[in-house]
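Q: got a predicted model here, sequence first, then my questions.
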Amino acid sequence: MSYEFLKGHGTENDFVLLPDHDGSVHGDLDPARVRALCDRRAGLGGDGVLRVIRTASYAGPDAHDLPDAAEAEWFMDYRNSDGSLSEMCGNGIRVFARHLVDEGLADGSAPIPVATRDGVKVLTLEGDVVTADMGSPFVIGETKVAVGDRWWAAANVDMGNPHAVAFVDDLADAGPLLEAPAHDDATYPHGVNVEFVVRRGAGHVAMRVHERGSGETRSCGTGACAVMVAAALADGLGDPPAEDTAYRVDVPGGTLTVTWTADDRVLLTGPAVVVARGTTSL
């Protein structure tokens, strides 16, 4: 069977999009198919798969557990490149919204609600730039992560999915990140996204990330949000800050802006583009 696909990215965090509006093409999306699509040598290549499906048509095993899903026409069924489910993807949801507007499935002049496994997120578009309201962060405390025999303290920040944010002297300290950094299994029984962060200046940080289920990626939207929250707290700005505060977050694939508002919302702003489309039988 051949079916349609698109390829897009947000700061080079890249995804295969599968239009499946009524759920008739892919059923309960097979992890093996996700892995085949994301394979960078034998497939299309990607950090994950975004299935574009109407919320009312999604019939996966977690369909009845999606928070506030009835508030959004569209559901982002996101899978990591290893085929596992993920609660949320900040770069992916911006690409998802870009696709909806490009295809006339949503009105880009108004805020667009999109259902996810972490609840409904609202996106706004201004030219090629998309802003996602990622909701409120949950700062759970401190943990630690390790690469080889080196350990770092890390802030435990939940942005709908779990993050461990470690400040390091040099981004090269993380090594090649071919394997997941060691972490406290009791704190993260289902794995964790690990960010390594350096300061570049006031309100300016840079990061590398190892995403659970995908490995090191060129960018991570929820990770950038977690990094900004951890940096703002380390800078003594409060939880939440007294006034809206924006940080520049450099990732290997570009630059994101993360704003933590006084009413405790985290806004992720950056580019989102669709670069190709076609059909595949993978």
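A: Arrived safely. Every value quoted in this text rests on a predicted model; they were computed, and no experiment measured them. Numbering: from 1, shown residues only.
Q: only C-alpha atoms for contact and neighbour calcs from this point on.
A: Will do.
Q: I'd say residue 191 and residue 185 touch.
A: Yes. Counting by C-alpha atoms under 8 Å, residue 191 touches residue 185, with 7.5 Å between them.
Q: can you pick out the residue with more neighbours from the two?
A: Under the neighbour definition other C-alpha atoms under 10 Å, residue 191 and residue 185 were set side by side, and residue 191 has more, 19 against 10.
Q: check what pLDDT the closest residue to the more buried one other than its chain neighbours gets.
A: Of all residues beyond its chain neighbours, the one nearest residue 191 is residue 212 (6.1 Å), with distances taken as C-alpha to C-alpha, 6 or more residues apart in numbering. Per-residue pLDDT puts residue 212 at 94.
Q: correct me, but residue 212 touches residue 192?
A: Yes. At 5.7 Å, residue 212 counts as touching residue 192 under the criterion of C-alpha under 8 Å.
Q: for residue 213, what are its contacts?
A: Applying C-alpha atoms under 8 Å, 6 or more residues apart in numbering to residue 213 gives the contacts 80, 81, 82, 83, 84.
Q: try it again with 7 Å
A: Neighbouring residues of residue 213 by C-alpha atoms under 7 Å, 6 or more residues apart in numbering: 80, 81, 82, 84.
Q: and those as TSV, adding distance to residue 239, pLDDT and secondary structure?
A: Shown next, in TSV, are the contacts of residue 213 (distance: C-alpha to C-alpha, whole Å; pLDDT from 0 to 100; DSSP: H, G, I helix; E, B strand; the rest coil):
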residue	distance to residue 239	pLDDT	secondary structure
80	30	95	strand
81	34	97	coil
82	35	96	coil
84	32	94	coil
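Q: show the residue spans covered by the strands in the stretch 151-282 of the chain.
A: Under the criterion DSSP state E, counting those that start in this stretch, the stretch 151-282 of the chain contains strands at 162-167, 182-183, 193-201, 204-211, 215-217, 245-251, 254-260, 266-271, 273-280.
Q: what is the burial count for the residue nearest to residue 191?
A: 22.
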